[in-house]
Structure formats: C-alpha cells, structure tokens
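K.L.:
Need the 3D shape of this:
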Amino acid sequence: MERYLINGKEIFDNFCSSSEDYPAMLPRAPEQTYVDRYPKEDEPGSSFKQQRQQQSDYEAEVKVYRALENLEEKGLVVLHNFEFTHYQFCLCDKSHVRDKKKCKGCKNSSNREGECDFLVLGPEFCVIIEVKNISHIGFKSNDPGTVDEMEKQSLALVGTFRKSAEQRDKIATLIKCIDMDTTILQFTAYPNFSKLFKEQFQCSQNMDLRLYDTELSTIIDQEDLSGFHGDSNSLESFGAWWKCNVTHAISCIRKRTEEPESRGNSHDKVRNMILAIWATEKTKCDQSRCSLGRCIMDTDKLLREGQITLQLKKGKKRDRNPGVLQAPEVIRDYIAVQNLTLEQSLVFESEESLLWINGPAGTGKTVLLCGKMIQLAQSDKENKIVLLRFTGKGNNSQLYQRALDKANVQYEEMIAVTIYDNEAASYSQLGELISDKESQVIIINMIDYNGNFELITALLSSITSCYLFVDDIQLLLYYSSVEDCGQVIDMLFELSSSRNVWIAGDLVQGYYYEDAHIVNLVDVIADKLHPGQRTTLSMSLRNTFDLSNILSVIREKFIGSIANRPEIFRMILPTQIPGHFIHGPKTVIHILDKFDVDKFNYVLNTELDKIFRV
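P.N.:
Modelled structure (predicted):
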C-alpha cells in the first residue's frame, strides 16, 4: 500500500495541483472507446444496432465528462473510468484475509472487482457518478402510453438505476476501507433523459419497483447537465446544480456531524490511493496517463493514422463499418493512413483525368493527392509529376517529404517567388528546369505569390508532358479575375487531355477575402467543370470530434446567414461533419477582434504552457 500512496502523491503533485479554477481531468480527454461513425441505416445483410447503442452509451458519458470539465471550482480531480481489482481492494481492506479456497476473488485477484464512470475527488469528499443511457427507450411526449407501456418503461428505468447503485456502492465500499470517515455522495446521470419524464420512475404498480424520494434526488438529468430548463425557459450552468447538490450538501453534512473543515492526512490518503489505483494496470503505475502532452500525442496519432474504426480483437467478428474502408496499400504503406471514408475512397478511385477536390481543412485532400502521386510514380518510372503548392514550405510539406522518402520516389523541391528573392528562377524558366531534372517528382513551393498571372500561364504552358497536382489552389483564385480563372481552367483541361490533373483547395478561404469575387469565380468553375470533375469532401477527419462539431455548427450558421444560391454556396462552404468520434482535450476558442501578432503570440504561449506544465 505504501508504494501506491507514494505514486498517488506524485500524480497529484505533478498533474493535479494546478491553480486553475477548473477540475483536473484524468485522463485529459474522454477515453477513446467507440470511435466509429456508423451509417444511420443498416445495409442489407448487416446490422449495427448494437454498435450504435454502444456509441450512444459512450457519448452519454462524454456529455458528463464535458459538464464536469467546465465546472468553475478549484481543487477537484475527476477520474474517468475508474476501476479496481480484487488485489487492490485487499490492499485497502486490512480485515480481508486472502484465502483462495474461501474467497472467489482471491483465486483471480487481478480480475476487476468494481468500476464506475466518474469518481470526483474533492477537498475532504468524494463524488461517485455512474452514467446510464436510456435514449433508446424514447419518450416522445408527455403521454407515456398504455399501462403496459408505462410498466415496461418503469421497469427499464428502475432497472438501470438499481444496477448503477450496485456499481456505486462497490466504489463507496473501497473508499470506506481506506478511510471510514470520508464523506461520499453518489449520483446516477441520465444525460439523454428529460426532467419532464422523471415521474416515469414511479409508474410501476409494484411498489418494489419504484424509487424512493431520496433515490430520485440522486438522479442527474438532461437539464441539469445542459443547464437549460424548458419549463422555466431559464439557462443555468451545470455549476449551479453542483453547488446545490454537492457543495451545499457537503456543508450540511459537516454541520450535522460536526465534522472538522479539514481532515488533512486522512483525505490525502484516500486521494493518493485512489489516484494510484486509477493509474495502475496490473502491477505498473503509468503516470504518463495523466499527462496532457501524452493525451495530445495519442489523440494526434489516431487522427494522423486514420484510426477511425474499431480495431477488432483476435477472434472477434463484426461486420465492417460500410462508411469506412481500408486505405489502398499505397496510402497505408507510405502515408501511414490506415482507413479512408467512403467518400475519400471514391475520390481516390476516380478515373476523371481532371479532378477538382474541394473541402475544409482536415478532410484528407493532401493525403489523396500524395497517394495518387506515389501511385503514378511507381506505376511507371518514366512518369514525371509536378506538384504546385501555394502555401509555401510549411503547410503539409512534411507529409509529402516523408511519404516520398518512404516510397523511395526521387523528388526535388524548388522555390518560385516573384518578389523578395532576385536569384530565384522565374516561373517561365521553371518549365525548362523541370525537364532537365532527373527526379520523378518536382515540388514547386509558390512563395509570396502576388498575382502575376502571366507567369502562372507561362509555367502551365511549359509542363505539358507532366502529371500535374495543385494543392491549396485558393490562393491563386484570390488573385485571379473571373477571366483569369476561366483561362486557368481551360489550360488545365488541355493538360488533362494527356495527363492527369488533380486540384485541391478550400474555396471558403477565398470567400472570406471578398464575397462577390469568389462567388463569380465559383460560377466559372461550375460552368466549365461537369459534376463528375468537381467533388467535395465533407467529413472532417484530421480534427477531433469536438473541434469538428464546433466548426460544423459555425459553417452551417454562416451558410444560413448568406444568400439564396445553395448550389454555389455548397461549393464554397460544403457541409462539414465529424467523420468519427475521436475526442480530444478541452477545446478552447480564442476570438480576436483584430489581427494582432502580439495577441497571437500571447495566446499561443499560454496554451503551450498548459501542455508543458501538465
């Protein structure tokens, strides 16, 4: 036990003793349990009803995680998915005599003894929260239906509550074994259950299947978590519920029992032991589980590798999510992205010689371009490929470099500028330089492009024998007139008669510059390219679910506030939806009222300090 207490103190000192007014969340993001986004309807021969229910159950937990995360209260440590083994229980319960013959738990002491969804460690108290999701029962109106239906609903509700109470009691017993006098509060959260239907817990004619008032008072419902109370049209934070049901309750308990304000070492012992148990798997305490830096790296790895579907354990069988396909070998091996969405796969397999890919950041445009470039390079050593990048050497350049190196494709990077560098080759000379290069792939980074359209047309005219890929074309469009845009598309058409031409960009970035101008440009694109040649990616994969969801709402609100030409604005602002349920740490959005480098630096340094501190 001593080793556990030391480990727990180290965890608290290193990761939980921040002076911030918010709880320390462990782990720093919700556990990545069910990441798949399943189709709404099952395909013939396959059913994902159970998986969708599990996903819904997990998202109910995430709602509680986010509510706890935003509590404005110091000194709280929130543990998500706390569990303990029989061996750990024995460490805490000194009265338990280990006997494999008399105790079933002692036979397999590493087996899980108990678990709860959330365990909150506060100053001098603990709060146990179990989460239950009953959205599938579905209350559509104030009318619960027939007597039989009411009875079934009541049975389901009371059954979930009773089960949660059993789980909570096991955690409470563990805590009492560490310190008998610890103040413990217990609750069951129903994030998808409205307060309007709370009486459904009491509908059963069987008095044994009804809840007591004291039990009903421990239920956290939808309105408590969201803060919105439809009956009174009031909006309060989850913090208001917490102050009433936890802070005030703790104060009353202390007054009633005359418990001292601080019990010092006794509570520290509980806190340290619980923290160590949470961080220990088998016999090893892994303190890095508490680190924000590790959380970010683990989440980033899932997103970079396209781990957007459940990886089945050996021997487990399940129909594959039809919305997610294994990435082509060229993408898996060289770009290290394991899965593609169905829409990404259709784009990659497109046979159009001229293809315009539009989509928000993080939808996989660069991954598809890079994969197709390597595919062409490996299919024929004589194929020569030119990549024009309009965002310079920083954005996504490492992805291209790593993938081409791994694929053993010889490439060379060139810089083309029109200002600030008199020694750089002009665009009109680049064509000659490209033809002289032995490398299969030539990456041209367009630095400080200032709208010299004549040089762009000269460059396009000089690479007629090459496959052409253009990444982040929106910067070119920003400087282009409607006539220039039409001329570029005509030249791309001409190039595509003998070689593939793939173009990727996010037209919304051009829209923010000048409304009417980008709309006119999109008119030209829609007029000159048939629907098969212009495709839109909508699923955000590179961002966490939380950030994708925010961006989706912002985008939809923005679309709703402008114009009445949906066919045009869907090209500029395509629908953006999360492509998975990979959650990340708390999303913080800083809104600046003007462009200010000093403010940018301050915000960046502040957020980086948080990462390195925890």
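
K.L.:
hey, let's count contacts and neighbours off CA atoms from now on
P.N.:
Will do.

K.L.:
In the chain, which strand is the longest?
P.N.:
When the chain is parsed with DSSP state E, its longest strand is strand 112-122.

K.L.:
So which residues make contact with it?
P.N.:
61, 75-86, 89, 105, 126-131, 167-168, 170-171, 271 (CA atoms under 8 Å, 6 or more residues apart in numbering).

K.L.:
what's the pLDDT at Thr606?
P.N.:
On the pLDDT scale, Thr606 is placed at 80.

K.L.:
How many residues are close by it?
P.N.:
Thr606: 11 surrounding residues under other CA atoms under 10 Å.

K.L.:
Next: the one 3 residues further on.
P.N.:
Asp609 has 11 neighbouring residues, counting by other CA under 10 Å.

K.L.:
so which helix or strand takes in it?
P.N.:
helix 597-613 (DSSP states H and E).

K.L.:
circling back to that earlier point, select from the contacts of strand 112-122 every entry located in strands.
P.N.:
77-85, 126-131.

K.L.:
And the helices in the stretch 251-400 of the chain?
P.N.:
Per DSSP state H, counting those that start in this stretch, the stretch 251-400 of the chain carries helices over the ranges 265-279, 292-304, 329-334, 342-348, 365-379, 397-406.

K.L.:
Using JSON lines, lay out these together with mean pLDDT.
P.N.:
As requested, the helices of the stretch 251-400 of the chain are exported to JSON lines (pLDDT from 0 to 100):
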{"stretch": "helix 265-279", "mean pLDDT": "89"}
{"stretch": "helix 292-304", "mean pLDDT": "90"}
{"stretch": "helix 329-334", "mean pLDDT": "96"}
{"stretch": "helix 342-348", "mean pLDDT": "93"}
{"stretch": "helix 365-379", "mean pLDDT": "94"}
{"stretch": "helix 397-406", "mean pLDDT": "91"}
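
K.L.:
Give the next helix or strand downstream of the lowest-mean-pLDDT helix or strand in the chain.
P.N.:
Within the chain, judged by mean pLDDT, DSSP states H and E, the helix or strand with the poorest mean is strand 234-235; its value is a mean of 48. Using DSSP H and E, the helix or strand that directly follows strand 234-235 along the chain is helix 238-242.

K.L.:
So for the longest strand of the chain, what gets flagged as buried?
P.N.:
Glu113, Gly114, Glu115, Cys116, Asp117, Phe118, Leu119, Val120, Leu121, Gly122 (16 or more other CA atoms under 10 Å).

K.L.:
And stretch 399-406, by the same measure?
P.N.:
Buried, per 16+ other CA under 10 Å, within stretch 399-406: Tyr400, Gln401, Ala403, Leu404.

K.L.:
Met297: neighbouring residues, count only.
P.N.:
12.

K.L.:
Tyr479 too?
P.N.:
As a burial measure, Tyr479 scores 17 neighbours (other CA under 10 Å).

K.L.:
Of the buried residues of stretch 399-406, which is the nearest to Ser439?
P.N.:
Closest to Ser439 out of the buried residues of stretch 399-406 is Leu404 (11.4 Å), distances taken as CA to CA.

K.L.:
mind listing the helices for the stretch 501-614 of the chain?
P.N.:
Going by DSSP H, counting those that start in this stretch, the stretch 501-614 of the chain shows helices at 507-513, 515-528, 545-560, 566-572, 597-613.

K.L.:
if I look at the residue nearest the centre of the chain, how far off is Phe581?
P.N.:
With distances taken as CA atoms, centre = their mean, Thr544 lies nearest the centre of the chain, 2.3 Å away. For Thr544, the distance to Phe581 equals 7 Å [CA to CA, to the nearest Å].

K.L.:
Lys176 now?
P.N.:
With CA to CA as the criterion, Lys176 and Phe581 are 36 Å apart.

K.L.:
These two - which one has more neighbours?
P.N.:
Phe581 (22 against 17).

K.L.:
ok, the residue lying closest to that one once chain neighbours are set aside - how many residues close by?
P.N.:
Here the nearest residue to Phe581 in space, its sequence neighbours aside, is Val35; by CA to CA, 6 or more residues apart in numbering that works out to 4.3 Å. Val35 is flanked by 19 other residues according to other CA under 10 Å.

K.L.:
ok, then the element right after the biggest helix by length in the chain?
P.N.:
Identified as the longest helix of the chain according to DSSP state H is helix 147-178. Next in sequence after helix 147-178, counting helices and strands by DSSP H and E, comes strand 183-189.

K.L.:
What residues sit buried inside the helix or strand following that following strand?
P.N.:
Later in the chain than strand 183-189, the nearest helix or strand by DSSP H and E is helix 213-216. Residues Leu216 are the ones in helix 213-216 that count as buried (16+ other CA under 10 Å).

K.L.:
pretty sure Pro585 is touching Ile296, no?
P.N.:
Yes: taking CA atoms under 8 Å as the definition, Pro585 is a contact partner of Ile296 at 7.3 Å.
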